[in-house]
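K.L.:
next comes the sequence, and after it the predicted model I'd like to discuss.
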Amino acid sequence: MPWLENSSYKRWQLAFTNALHRRVEADELKRPLRELVQKHKLPGDAVARMLMGLRTRKSGSDDPLLFAYARLLLSEGHVGTGDLLQALLATSELANEKGITRPKRHASGLPTCEERIFLLLAELHLTEALPVEPARMHRTTSALVRWLHVVHEREYNAQLESAGLHALDMLAYGTYEALASLTTSVFGKQRFQYVDLQPWWEGRRTAVVREMRNFDVHVLQWMQSQWAGRIQALTLLPPFVEVGEDDRPVLAQQQILQTLAQEDVTPAAQSRAGLYIWLNACLCSKPMMDDLGMLGYLQTRYNGDNQMLTVHLLHASFDVLTNRVLSARPAHEVKVVRSFTCNKLPLLLALLASFMGQVILETCIQSAFLSIVMDPIPPISAGSLAVTDMLKRTRLEFLQACILHGVVSESTIGLILQEPLSGLPKVPKYTKENLLNQCTNNVGRLESLTAELQSMRGNAGAVSLCIVDLIGSLCASKDTMSLKSVCNIHIKHVENMDIVMQYTQPTPLLVPLCMLLKDWVHDQDQSEFTPAYEEFASILLFTLAVLHRYQLTSGDLGMFGLDVFVFDILNESSTSTSLSDLSHEQNQQLAKWLEGLFATDDQGETSGISDEVMRQCPPQAFYQLVPTLFEQSVMACKADRLSPTILKNGLELLLEPFLLPSLVGGLKLVIGRSWEDHNDVEILLQILEKLLRPSSSSAETQAMHQAVMVIVAEPLEHSLQDLLRQRPEKIIAVGLSALLRQYIDSTGSSTSNRAEIEKWAAAGDMTHDMRDVVKGLISWAANVTPTAPPQYQHQMIVAMHDISRPQRITDALLGLMRDPEYPAMAIALDVCTSIICAPSSVSNTLRQQLTLEVSDTDSLLKRSMSQASTLVRLHLSVESQFVVHQLEIPFPLPQQQSTDQLMQDLGLSGPAIGADGGQLDDPAQALQMTDDDLQAAMEQPLSMEGVTAPALPSLEPVGVQLEQAQAFFGDLGMDLEHQALQNNVTSMGDQSADDDIFAGLDLSGGMGDLVEDDFNFG
C-alpha cells in the first residue's frame, strides 16, 4: 500500500503508539486528533490499518485502549465501518491460508479482538451513533459480506473435514455471535433498504444473500446460536428478496405467505398478557436473556414506543409477582421477582430516562400504577391482608430504588402512593468499582454484601457485578485461597445466584472457574496437601452447584470439546471404570486411596488420608477416580474382604471438607446402580445412611454437605422409591427418602418437578390444561378492567414439549386462535406469539416447527383459507419478534477532562523540544477498563514507570527520522532520541520480519483463499 511509506501515516502511527504507552484516554484525544487531521490528512482505510497494526500479534489480550481509540475514530468520522472491518480482516488469524487452523487461545480467556470490534460496531449502529451513510454503504456491505464469507468457508470446511466431529472453539463462538449481532444491526436497519437505489446493488444482491444464508445455516444454526435464523429471515425482506431474469421474485412461496398473511388485516396487539408471559419465562428458567437481549426484545415488541414499554414493563413485573404469590410458589421464587422489580427494573428505567426525559417517565410510572392491582384477593379471604401488604411494600421499595437511581423524585412518590411521606431512609448508592476494591482488599467484606444482595434497596446490581468480577479476578491471578473463601460464602446461599444471574450470563462467572479447575497445578514439592485439596474442593463444589442449579452443559458455556472434567462429574459419573481400563498411574493412585481410606491399625482404626496419598494424585485425578473407588469398595465388602464397619468408617473420611465434593460422583454411582442385579442392597443402604446423615457440627461442613444433597437429591430419591416398590420392607429407605425430599426442587432451571408433571398429566392430555391456561390469558388481556393475572407457569410449556411433540403445542395454539369464542384475534395472536418466543430451551424448537409447516407449500395450500392464514400469521409474528430492533438508547460518554497535558504529551502543542521526560502526572488518568470480561488486575490504574517498548510487544513505536519526530511532536515529555536508543527504535525499512507489524500479510489483495474480486461490488 502506498500510504505505508507516507510520512503522514508514520506520524499517525507514532502518535497513537505513544498514546497507548502513556495510557491516554480516548476522550482526551479529541482536540489533538483534530489538529493531527488538519496537518496530516490520511484516508480512512489507512487510519484503520494503522490502528489494527497495533494489535497483539501473539497470544495474549489486546490493549483495551485500542478499542476506545477505535470508538473515537468511528464517532469522529475518521474511519468508517467498512474501513475498520477490512483492516481487521487483514490482521485476523481467521483469514489465514490454512482456513481451518484454529487460532491460539488467549491465555487469559478474554474475548478476541474480532469479537470486541464486532460488538463495538454493533452497539454504535444500534444506537444510531454510527449511521450507514449512502457514500459508505458500498464499502460497509462489501467488508461485512467478506467477513461472512471467510467465517463460513472456515467453519464449513472444518465440519466437512472432521466428518461432523468438529468442535467449536469457545472464543470463536463469541466471535461469531458478535459477527451475527453486527450483521443484523447493519442489514436489519430500515435505512439500509435504500441500498436498492444504489447502481451496484442489483448485480450484487444474489452474492450478498448467498453469504448471509450460508453463514446462518452452516455456522449459526450449526452452533445453535441465539441468532440462528434471524439473518436468514432478513433475506426474505426487502432489499434482499431475490428476483429472476424476468424481474419476478424467485421465492414464489414468499408471495403465497404474504397473500395469506394479508387475508386477515387485523392490526397487531401489544397485550398486557404478552409481556406477562415473556417476563414470567425470563424469571423462571436458566439465564438466557442479558440486558442487550432484553432491551432489544422490548424495543422490537413496542417498535420504539417507550412510553407504552414503560407502562407494560411495570405491569408485567407486578403481575408476575402477584402470580408467584397467588400460586403459592416457594418464598425464594417470590423473592427473585421482588428483587427484579426493586433492583433491576429501576436500572432499566434509568436507561429509558436518559432520552425519554424524567418528567415523561414519571408520568408513565404514575399511569402504570393506576392499573396495578394491589389487593388481588377479596378482603374477606384468608391471607388477603398479607398479600396486599407485600405488594404495597414492594411498590414502596421499588419507588425508593427509583429515587436512588434518579428515575423519580420524592414528590412523585407521594402522588403515586396518594399519602404523605414521613421521610424515606437514606440509602447509599453502591458502585461495582468501589465494592470490588473493598472485596479485593478484604474478601470478608463479601459476607456482609450477601445481605445487600437479598435486600430490595436498589443495589443488588452493583453487588452482583462485583461478585462476578471478583471471581474472575481471583481466577486470573490464581489466588485460590481467597477464591476458596468467596466460594464458601456462596455455597451457603447458592440460591442467591438467581439474583446475580439477572445482571450477567453464566459464561463470565463459570468459564474462569472451570478453566481454573481444569488447569489446576499440583505441586508435589509442597509440604502440606490438605490446604490445596480444601481450596480445590470449595471451588469445585460451588461450580458444580451453579451448573446443577441451571442445568448447564459445556455447550451452554461454549466449552464443548475442551475436556473439562467438571461436566463429567455431573453427567457421566454414574459408571465406574474397570481396573483393566485404568492406566498404570491411575491404578497406583486408586490403590493409595483405598489404603488410606480402609487400612486399619491394631486397634481397628483407619489411618486416614496422608500427605503421601495426595502428593501422588492431583485433585482432578482423584475426582475422576471416585466412582471406581466406590465400586471397588462395595465389591470388596460384598466379597467379605472389607467389613461393613470399616467400609462406613473409611467412607466417613469423605465427609471432611477437603474431600466432600467427591460425594457427588460417589452417590451418582449408587443412583445408576441396579438394586437387584448386584445383590448389595444392604451395603448400599448402609453407605447412604452414613453419607446422608453426617455427624459433623461444623457450619462449613454442613453448608457443603447441603450443597451436595441438592445436587443428588432428586435422582437418588427416585432410585430409593424404585427400591421401595420392589422391597417395601426396607424401612431405612423410607427415612432416607424423606430426608432427600426436603432438598428436591432447589434448582433454578426451567424444568418442572415430578409432582407438577404428574398433576398436569393426570387428565391424560397436557394440552387440555394448556388450553385452559391460554384461554384464561386471552380473556384476561381482553378485559379492560384491571384484575389480578391468571395463574401461569412457563414450565408447563417446557414440560409438555419434553413429553410430547412440539407440533401438539403449535396445533393447540393455532386451534385457540381460530376459536370463534375469541373475536379479538390480535390479542390471541399476541398471547400465542409470546408463548413461543418466551426465552426458554424450547423456543427455537417451536419456532422451527412453525417454519417447517409453513415451508411445506403443498400442505399449506391443502389447508382451508382460515387455517393457512392463521398459521402464516403466527409464523410471521414469531419471526418478527426475533429480528433485533435498533436500540436508540444513548450511552453516556466518559467525563470530559482537560486535554492540555495530552496536547503536550503528543507534541501537538506545548513548550520547546527537549523537555525532560516523565510520566503522566496522575496515574489515575490511565484508562479504567470498563469491559466486564477483563481481568480485575487489568482494571487498576497503570503506572508506566520503568516500562519499555519490549514490555508491550504489540506497541512498537514506528521508526521515523528523529529530527522530523522532534519537530512535529514538540515537547513529548520525554527525550525522543534517548527513548529511541532505549527501545531500539529502527526505521521502517530496517525492521525485521519479526518486528514488522505487517509481516506475513499480503497487503496487495487476498486474505487466505479470498481473492479481491470475490466481493468487488464496484
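P.N.:
That came through fine.
K.L.:
can you tell me how far Ser92 is from Leu179?
P.N.:
Ser92 sits 11 Å away from Leu179, taking C-beta to C-beta, to the nearest Å as the criterion. Heads up, the C-betas are built off the backbone N, CA and C, glycines and all.
K.L.:
overlap in contacts, those two.
P.N.:
Counting by C-beta atoms under 8 Å, 6 or more residues apart in numbering, the contacts common to Ser92 and Leu179 are Glu114.
K.L.:
out of these two, which sits in the more crowded spot?
P.N.:
Set Ser92 next to Leu179 and count neighbours by other C-beta atoms under 10 Å: Leu179 wins out with 29 against 22.
K.L.:
what helix or strand does the more buried one sit in?
P.N.:
helix 170-187 (DSSP states H and E).
K.L.:
and that helix, how far out from the chain middle?
P.N.:
Distance of helix 170-187 from the chain centroid (C-alpha atoms, centre = their mean, to the nearest Å) equals 13 Å.
K.L.:
quick check: next helix or strand after it?
P.N.:
Helix 170-187 is succeeded, C-terminally, by helix 201-215 (DSSP H and E).
K.L.:
buried stuff in that next one?
P.N.:
Across helix 201-215, burial judged by 16 or more other C-beta atoms under 10 Å covers Trp201, Arg204, Arg205, Val208, Val209, Arg210, Glu211, Met212, Arg213, Asn214, Phe215.
K.L.:
surely the third one and Phe240 touch.
P.N.:
Same thing as Arg205. Yes - counting by C-beta atoms under 8 Å, Phe240 is a contact partner of Arg205 at 6.9 Å.
K.L.:
look up the closest residue to Cys475, ignoring the ones flanking it.
P.N.:
Pro512 (3.7 Å; C-beta to C-beta, 6 or more residues apart in numbering).
K.L.:
around the nearest residue to Cys113 once chain neighbours are set aside, how many other residues sit close by?
P.N.:
Closest residue in space to Cys113, ignoring its immediate chain neighbours: Asp62 at 4.7 Å, by C-beta to C-beta, 6+ apart. Neighbourhood size, Asp62 [other C-beta under 10 Å]: 21.
K.L.:
same thing with Gly383?
P.N.:
Counted with other C-beta under 10 Å, Gly383 comes out at 11.
K.L.:
what of Ser610?
P.N.:
Counted with other C-beta under 10 Å, Ser610 comes out at 13.
K.L.:
measure it to Ser527 for me?
P.N.:
In terms of C-beta to C-beta, Ser610 sits 13 Å off from Ser527.
K.L.:
helices and strands around the helix or strand Asp769 falls within, which ones?
P.N.:
Using DSSP H and E, Asp769 sits within helix 766-782. With contacts taken as 3 or more C-beta pairs under 8 Å, 6 or more residues apart in numbering; DSSP states H and E, helix 766-782 sits against helix 272-282, helix 795-803, helix 806-817, helix 825-837.
K.L.:
could I get these as JSON lines with distance to Glu729, mean pLDDT and mean neighbour count?
P.N.:
Formatted as JSON lines, the helices and strands packed on helix 766-782 follow (distance: least, C-beta to C-beta, whole Å; pLDDT from 0 to 100; neighbours: other C-beta atoms under 10 Å):
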{"stretch": "helix 272-282", "distance to Glu729": "45", "mean pLDDT": "93", "mean neighbour count": "25"}
{"stretch": "helix 795-803", "distance to Glu729": "33", "mean pLDDT": "85", "mean neighbour count": "20"}
{"stretch": "helix 806-817", "distance to Glu729": "42", "mean pLDDT": "90", "mean neighbour count": "19"}
{"stretch": "helix 825-837", "distance to Glu729": "47", "mean pLDDT": "91", "mean neighbour count": "25"}
